[in-house]
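Enquirer: Output the structure for:
(chains A, B, C and D)
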There are 4 protein chains.
Amino acid sequence: MYLKHAVWVLVGLLATGQTWAASPGAALPHGTLVDEPFVSTVLKDNRIGLKPERAIKVFLPPGYGNSGKRYPVVYFLHNAWWSPKQMFEDGNMQRLLERGFADGVIKEFILVAADYTGPTTGSLYENSPVSGRWIDYTVDEVVPLIDRKYRTLARRESRAVVGDFFGGRGALKFAMVKADVFSVAYAMHPVATGIGDLPWSSTEIDWQRMYAAKSYGELGGLGRTQIFWAIHQAFAPNVANTHCFCNFYFEMKDGKITYNPDRAKAMQKAFLLDDTLDEAAPALRTMRGLALDWGRFDTTQAHVISNRQFSRKLEDSGVEHEAEEYRGDPWNRTWTEGGRFATRVLPFLEQHLISAD
Amino acid sequence: MYLKHAVWVLVGLLATGQTWAASPGAALPHGTLVDEPFVSTVLKDNRIGLKPERAIKVFLPPGYGNSGKRYPVVYFLHNAWWSPKQMFEDGNMQRLLERGFADGVIKEFILVAADYTGPTTGSLYENSPVSGRWIDYTVDEVVPLIDRKYRTLARRESRAVVGDFFGGRGALKFAMVKADVFSVAYAMHPVATGIGDLPWSSTEIDWQRMYAAKSYGELGGLGRTQIFWAIHQAFAPNVANTHCFCNFYFEMKDGKITYNPDRAKAMQKAFLLDDTLDEAAPALRTMRGLALDWGRFDTTQAHVISNRQFSRKLEDSGVEHEAEEYRGDPWNRTWTEGGRFATRVLPFLEQHLISAD
Amino acid sequence: MYLKHAVWVLVGLLATGQTWAASPGAALPHGTLVDEPFVSTVLKDNRIGLKPERAIKVFLPPGYGNSGKRYPVVYFLHNAWWSPKQMFEDGNMQRLLERGFADGVIKEFILVAADYTGPTTGSLYENSPVSGRWIDYTVDEVVPLIDRKYRTLARRESRAVVGDFFGGRGALKFAMVKADVFSVAYAMHPVATGIGDLPWSSTEIDWQRMYAAKSYGELGGLGRTQIFWAIHQAFAPNVANTHCFCNFYFEMKDGKITYNPDRAKAMQKAFLLDDTLDEAAPALRTMRGLALDWGRFDTTQAHVISNRQFSRKLEDSGVEHEAEEYRGDPWNRTWTEGGRFATRVLPFLEQHLISAD
Amino acid sequence: MYLKHAVWVLVGLLATGQTWAASPGAALPHGTLVDEPFVSTVLKDNRIGLKPERAIKVFLPPGYGNSGKRYPVVYFLHNAWWSPKQMFEDGNMQRLLERGFADGVIKEFILVAADYTGPTTGSLYENSPVSGRWIDYTVDEVVPLIDRKYRTLARRESRAVVGDFFGGRGALKFAMVKADVFSVAYAMHPVATGIGDLPWSSTEIDWQRMYAAKSYGELGGLGRTQIFWAIHQAFAPNVANTHCFCNFYFEMKDGKITYNPDRAKAMQKAFLLDDTLDEAAPALRTMRGLALDWGRFDTTQAHVISNRQFSRKLEDSGVEHEAEEYRGDPWNRTWTEGGRFATRVLPFLEQHLISAD
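Expert: Down below sits the predicted model:
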């Protein structure tokens, strides 16, 4: 039997901005967006005022209500400074999913957007005694919760993790350390996969302000300086240092700001994924599907350079993966119709995620 | 009406190497490969013994025989050192096309493989009084021939040009100078889009051997040196210089090999596509679809670097395009099932090529 | 006769921070810093309130007063946001020069710091009807003034141009278009030699603010946005457009900010030096000495990438030059003892500048 | 007292090819080149027919004979495929040294060229049970020999190690693991400091030939393939594997060549210096002087990219160093008059090496 109607024609039409004339949006079967509030025990353990109340959202596919079937689950890791609420509020994410299902690009799945918000940047997708144990929260609390409350295919073969920007880092991190839970990972424009071409002694951080500040909030408007406050709390935590609960990699010595290479190296090892890739390679080789992609025109070219090298290191490590660099910046080709999520992420999930019981 | 069977599922299955169980190959509707011998007038004009007899191949889609319809045409530009015969002899190209049609990835089209072989490298896709006017051959002879003998949609909106490696250069070149004939171009791992990071004074050419040689053949085994013989004949032709019918960009001066920057510059301007991109931008902006892609792990990294920069220049010139860099070398991800031709080129053609009368 | 005392030993001692024990600073023969106020006619022609009164400084070497000799002249082009006053106010520049003379690193010369300050960034080293004809000012006014008032060797062989950052762009620009006036050029960490890896559509400019602003000053604190105001005035001037006296390369069309590739291209051609390098190559090949250097760790990596490519293009163009990339950022290795100015620039000038009558 | 005659003037004159008019070569005081044959015990331990007889050369500076003084020693590590005999046979090296001494660029030192030749590439500057323990040979045999037979300053502060290409790798390696023996290292265009942008699965090695060959010699003419035979013997030795006494990182499995990522990683860790830089950082921070430089136009761009990143990693590790990238290829700017050895290496040695008792 051969298909008479081309899926790709439809995708093509969408991509060119042509209207959905043949199958009007009105007829698109709708899924259901469910609020799943949750109080985390894991996240109570923090020093930055992170609230344990989590506003998780679960998107159930159109057929969920009537099918009685079990579904694979895609865990979506949103970027820092973002939230599940924002993810869904303009309807675009839901529409892309519904269209993917309707067009047969991918079989139905449940999408879970756990709440990674916080008082600073939100999750950087790591376990930290200071800014939250986000990996534990996800794996020990959210996944069991979802498996308990919804008709899921509760096994790694049917669990994927997808994220963008810092969430892209998260997707790769979960693949590296939780390959027993997830078997498919797609990192959309991940960051922190490597260092790029500039040493950390040249990073544009205002250390005087870092040392003078009493909180993340005080550094508002200082861009990189502010972000590095949160990065230190996540990757160089020190609960004993009550100034910021972390060790800055520039020390204050006799009133003078001084680069400390050991601290820098330790933080790089925790933060930059390539630094632990060798150890993670055996786990990564068990993944059913692993992909990263990124836009060439990110104004922080370190992201681009690092992702290229990360792919090279995966190759060297014998890890099967895809790694596409596309024309675009981190945002302008991702969530559009015909964009990366619709034409790259969904087909990749379909290719690797097991849907059948 | 919603598709019950996902095209992408099929593509996915293929990609993972699973067998074509549900729709056995036996049942795949077959197209017809037609030999279309042709004697070129244009190509008689050469100084290297290039034969005007051309062994063109035309692949007619499965439905061609019975439909009475007119079809769009995709002109495929094979790489140097390759031929239409080799393109089709293992059956893979035909199978990928037939599957693409059968799966609905793309509507049926005619694929034309004009014969770009020759006594040296074969076509480098340029007009040269020495090694052949390949652009004229294609546009003034082959396209009219095909439109005359087959039921084509004889207009630019329904004509695409696709090529790989040197043929990828060709695809971009036709877009730059023959946008009135073709409206869609896809360059698979094109070369000669720019110079990369090394100056031409450092190119690994054995100039002593170049000057000593009496023919391309004598340089066999010398890699780059041999190729540059042909490149000079194509891009720095000089019919008056009966040694090689070209001007080498290293001169022989008093028995000494000397770099001539003016010659080098003139040849770069002819050979490297970025050097005429500004002039070509208005034409390129009229293209319905323009894409290039390339494998990151080409051992000649100049190709990779040049393609990245070519995309940046297209962006600067306001030329809409796609430019994906993928994991792989120039060959290992292209013609596989689930590879670039099947999952990137065909959908791109479907998206931009007009099939309807 | 062989030298008993090594110049390089001294330089080495300085570099390692050891004190000047053998020849105490007190004994270092001092030159004379002369204020040379000047009222420019050329600079009156501007639309931004640029004042024609120029506070030029001339540094005469220690031997000038008593020798009666004529001296070569080095014209120093300071960076934007800088001034001759600032150049000399901490005494470091004078000390480095005096030491270079005393140690025999270089024979005595006159250093001229013409005043390139202005109400916006100061000179970007170009002729503009809007922000000043700085090339004409230098060549038609300052050079004749100096030759008239001081005992100079008034010929190109004895005139060098040196500058840093935007002044480095200036040094290269003068070499490209005024090789009849200067025969030696050293660009310290020049900028705007090329575009780097990011397209101008991705440049981080706040166009809404650009269009809303009435002056450069209003854009204070906006970094790149503010600088690009001045860049437009210098390289895309339009005296008829009384908003900013320039054409922004993002147009305002029906209230929408839209990229205009033709404007972008025109401005790149004026601003980025590599875009006119082919035309300038014959002149550059007449230079007695041409050098650029730059620090690898400039946080704007486009400067680094562009300088590498600029050197490659010089090489392709057959232009003899030096091009060293060093460990450091644009500032931290330049003006130190043992830094680039003392150990690279001065010896280079000595090597190429003609001191003898 | 101020020098009347500039050393740099002389260097400058040389650089511009002007003759040594003022101080004719005839008058240049000559040093003495001494043959110092030696039979190594360490090098007997090998499986490739490496001969223990070593033809060491020692260059004594002009003043050595009459002074009675002790001198610092510079150990020069020649490139693979080279020898002490070749180093000195055209007289250039000796002339550059004698001129450096005569001009006062550097105080007199003894230069030792130990013999690193062998039946394959010669030393790659590592300890291997298969192809020789070259580090031990140098440190345990050559250095004591020299200190015993010559009037040396027998301490790390007065010992430098300098090398080019593979010898450049050697200089860095000695700094990393033998900082107790040498305190100054200058690596001229070192290789193998990192991997570059291509994975090892893409390295152009003919594995069929590697497995078929019975010796290094059989791979003559195969470029990279042949070199990798020796690299495996040095960095992936396996005395039990009598085929080549090493483990190729592509395995032969059931007659099929297969990439083995664990073997590749192990060999990278041994071969590529950046892979052990973290461990070596504390030792490197004790160096009095550490420098590397390299030509931008090496046709193996992996060398260039790796050296840039190596410098960045040194910076991150808090290791003081110089790292200049210059216009040129690995050879054309090094040994010329006015080239890197004369104007960069010698002054650097002078700056950091202790000459006084």
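Enquirer: Most distant residue from the centre of chain A?
Expert: Centroid-distance maximum for chain A: A:Asp254 at 40.4 Å, with CA atoms, centre = their mean.
Enquirer: In contact with that one, which residues are there?
Expert: With contacts defined as CB atoms under 8 Å, 6 or more residues apart in numbering or on different chains, A:Asp254 has no neighbours. All C-beta atoms are positioned from the backbone trio N, CA, C, and that covers glycine.
Enquirer: so how far is chain C from it?
Expert: From A:Asp254 across to chain C, the span is 19 Å (CB to the nearest CB, to the nearest Å).
Enquirer: So what's the predicted local confidence for that residue?
Expert: pLDDT for A:Asp254: 90.
Enquirer: What separation do you get for it and chain D?
Expert: Taken as CB to the nearest CB, the span from A:Asp254 to chain D is 18 Å.
Enquirer: now A:Ala212
Expert: To chain D, A:Ala212 is 25 Å away according to CB to the nearest CB.
Enquirer: Beta-bridge partners for A:Ala323, please?
Expert: A:Leu292 (DSSP bridges).
Enquirer: and it, how many neighbours does it have?
Expert: A:Ala323: 22 surrounding residues under other CB atoms under 10 Å in any protein chain shown.
Enquirer: Surely it touches B:Tyr326?
Expert: Yes - with contacts counted by CB atoms under 8 Å, A:Ala323 reaches B:Tyr326, the gap being 7.1 Å.
Enquirer: and the stretch 101-250 of chain A, which of its residues are near chain B?
Expert: Within the stretch 101-250 of chain A, the positions adjacent to chain B are A:Ala102, A:Asp103, A:Gly104, A:Val105, A:Ile106, A:Lys107 by CB under 8 Å from any CB of the partner chain.
Enquirer: switch the cut-off to 10 Å
Expert: A:Phe101, A:Ala102, A:Asp103, A:Gly104, A:Val105, A:Ile106, A:Lys107 (CB under 10 Å from any CB of the partner chain).
Enquirer: Mind putting the residues you listed into a markdown table with secondary structure and distance to A:Leu272?
Expert: Shown next, in a markdown table, are those (DSSP: H, G, I helix; E, B strand; the rest coil; distance: CB to CB, whole Å):
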| residue | secondary structure | distance to A:Leu272 |
| --- | --- | --- |
| A:Phe101 | helix | 37 |
| A:Ala102 | helix | 40 |
| A:Asp103 | coil | 38 |
| A:Gly104 | coil | 39 |
| A:Val105 | coil | 34 |
| A:Ile106 | coil | 32 |
| A:Lys107 | coil | 36 |
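Enquirer: What count of nearby residues applies to A:Asn238?
Expert: 16.
Enquirer: What segments of chain A are strands?
Expert: Remark: strands assigned in chain A by DSSP state E are A:32-39, A:53-60, A:73-77, A:110-113, A:127-128, A:132-133, A:159-164, A:184-188, A:250-253, A:256-259, A:289-295, A:322-326.
Enquirer: and the second one, anywhere near chain B?
Expert: No - contact between strand A:53-60 and chain B is absent, the nearest approach being 17.6 Å (criterion: CB under 10 Å from any CB).
Enquirer: Neighbouring strands - and their directions - for that strand?
Expert: By DSSP bridges, strand A:53-60 pairs with strand A:32-39 (antiparallel), strand A:110-113 (antiparallel).
Enquirer: Out of the ones you listed, indicate the one that is most buried.
Expert: strand A:110-113 (a mean of 24; mean count of other CB atoms under 10 Å in any protein chain shown).
Enquirer: ok now it, how far from the chain's centre?
Expert: How far strand A:110-113 lies from its chain's middle: 13 Å, per CA atoms, centre = their mean, to the nearest Å.
Enquirer: I would like the C-alpha coordinates for that strand, written out in CSV, please.
Expert: In CSV, the C-alpha atoms belonging to strand A:110-113 read as follows (Å, rounded to 0.1, in the frame of the first residue of the first chain):
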residue,chain,number,x,y,z
ILE,A,110,2.5,12.9,26.0
LEU,A,111,4.6,16.0,26.5
VAL,A,112,5.6,17.0,30.0
ALA,A,113,6.8,20.4,30.9
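Enquirer: what does chain A put close to chain C?
Expert: So chain A meets chain C at A:196-199, A:201-204, A:221, A:224, A:295-302, A:304-305, A:327-329, A:332 (CB under 10 Å from any CB).
Enquirer: Point out where chain A drops to low pLDDT.
Expert: A:1-26, A:357 (pLDDT under 70).
Enquirer: OK, contacts around the residue nearest in space to the middle of it?
Expert: Centroid check for chain A by CA atoms, centre = their mean gives A:Gly167 as the closest residue, at 1.9 Å. A:Gly167 is in contact with A:75-80, A:82, A:113, A:116, A:122-125, A:161, A:187-191, counting by CB atoms under 10 Å, 6 or more residues apart in numbering or on different chains.
Enquirer: Which residue, other than its chain neighbours, is closest to it?
Expert: Closest residue in space to A:Gly167, ignoring its immediate chain neighbours: A:Leu77 at 3.4 Å, by CB to CB, 6 or more residues apart in numbering or on different chains.
Enquirer: In chain A, which helix is the longest?
Expert: In chain A, taking DSSP state H as the definition, the longest helix is helix A:301-316.
Enquirer: Could you list every helix and strand in contact with that one?
Expert: helix A:166-177, helix A:277-284, strand A:289-295, strand A:322-326, helix B:301-316, strand B:322-326, helix C:301-316, helix D:261-271 (3 or more CB pairs under 10 Å, 6 or more residues apart in numbering or on different chains; DSSP states H and E).
Enquirer: okay, the fifth one in PDB with CA atoms only?
Expert: Below are the C-alpha coordinates for helix B:301-316, written out as PDB (Å, rounded to 0.1, in the frame of the first residue of the first chain):
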ATOM      1  CA  GLN B 301      38.500  21.700   5.900                       C
ATOM      2  CA  ALA B 302      38.700  24.600   3.400                       C
ATOM      3  CA  HIS B 303      35.400  23.300   2.000                       C
ATOM      4  CA  VAL B 304      33.700  23.400   5.300                       C
ATOM      5  CA  ILE B 305      35.000  26.900   6.200                       C
ATOM      6  CA  SER B 306      34.100  28.200   2.800                       C
ATOM      7  CA  ASN B 307      30.600  26.900   2.900                       C
ATOM      8  CA  ARG B 308      30.000  28.500   6.300                       C
ATOM      9  CA  GLN B 309      31.200  31.800   5.000                       C
ATOM     10  CA  PHE B 310      29.300  31.400   1.800                       C
ATOM     11  CA  SER B 311      26.100  31.000   3.900                       C
ATOM     12  CA  ARG B 312      27.000  34.100   5.900                       C
ATOM     13  CA  LYS B 313      27.500  36.100   2.700                       C
ATOM     14  CA  LEU B 314      24.200  34.900   1.300                       C
ATOM     15  CA  GLU B 315      22.600  36.100   4.500                       C
ATOM     16  CA  ASP B 316      24.400  39.500   4.200                       C
END
